[in-house]
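Asks: sequence and predicted structure are below.
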Amino acid sequence: MMKEMRLTLSLWSILLIAVSCGSTNKTVNIPAISDAEKESFKQIEGDTIRIANDETEYEITIIEPGFNTWLKSIARPEGYYSQSFLETRNRIMVLNWNQRVLEPQRFNSNLYEMQIDYQQHIDYGYEVNYKLYNYFIYFQRKYRQRLGPFIARI
């Protein structure tokens, strides 16, 4: 009787350890995408936008179908965010983006093709930061990615 009880307790202990060591599924809440936003994702191929600050000679060219339309119709208007807010978010998202470029075995290399050279000590100006930030929001929502600890919202 005592032997059976020890065996039963041992089996229960092993079962509890096995269950407690199991992986947990973590769900990520992605806000719903509106019909207008979905429509902007489907715009004409070759939709190109130039992000530049002519005074500081920095330029980014984004060739992403639908981004220009999304920026004009869905994104928050220029002036909505402060430049310091945009710079802080851009630093975080560029860091995550560049990390994903370096790990093509983990992340889709068709999405993360090139690193972004965004340096913290350089003032890129409001327009560059605004458009880069909004591109990250657009990218995250369209491809259901997450480039930081916060959820991409409009």
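Replies: Everything's here; your move. For clarity, every value in this text was computed on a predicted model and none was experimentally measured.
Asks: phi, psi for Tyr143 please.
Replies: Per-residue torsions, Tyr143: phi -100, psi 10 (degrees, to the nearest 10).
Asks: could you find the closest non-adjacent residue to it?
Replies: Leaving aside its sequence neighbours, Tyr143 sits nearest to Leu111 (C-beta to C-beta, 6 or more residues apart in numbering; 5.9 Å). Any C-beta I mention is one placed from the backbone N, CA and C, and that applies to glycine too.
Asks: what about that neighbour, distance to Gln145?
Replies: Counting by C-beta to C-beta, to the nearest Å, the separation of Leu111 from Gln145 is 7 Å.
Asks: residue contacts, the residue nearest to Tyr143?
Replies: Going by C-beta atoms under 8 Å, 6 or more residues apart in numbering, Leu111 touches Arg100, Phe139, Tyr143, Gln145.
Asks: quick one on the thing from earlier: what sits in contact with each of Leu111 and Gln145?
Replies: Shared contacts of Leu111 and Gln145 (C-beta under 8 Å, 6+ apart): Phe139.
Asks: would you state the helices of this protein in chain order?
Replies: For the chain, the helices defined by DSSP state H cover 2-21, 35-41, 67-73, 83-101, 126-143.
Asks: mind giving me the packing neighbours of the last one?
Replies: Spelled out, it's helix 126-143. Judged by 3 or more C-beta pairs under 8 Å, 6 or more residues apart in numbering; DSSP states H and E, helix 126-143 is in contact with strand 48-53, strand 58-63, helix 67-73, helix 83-101.
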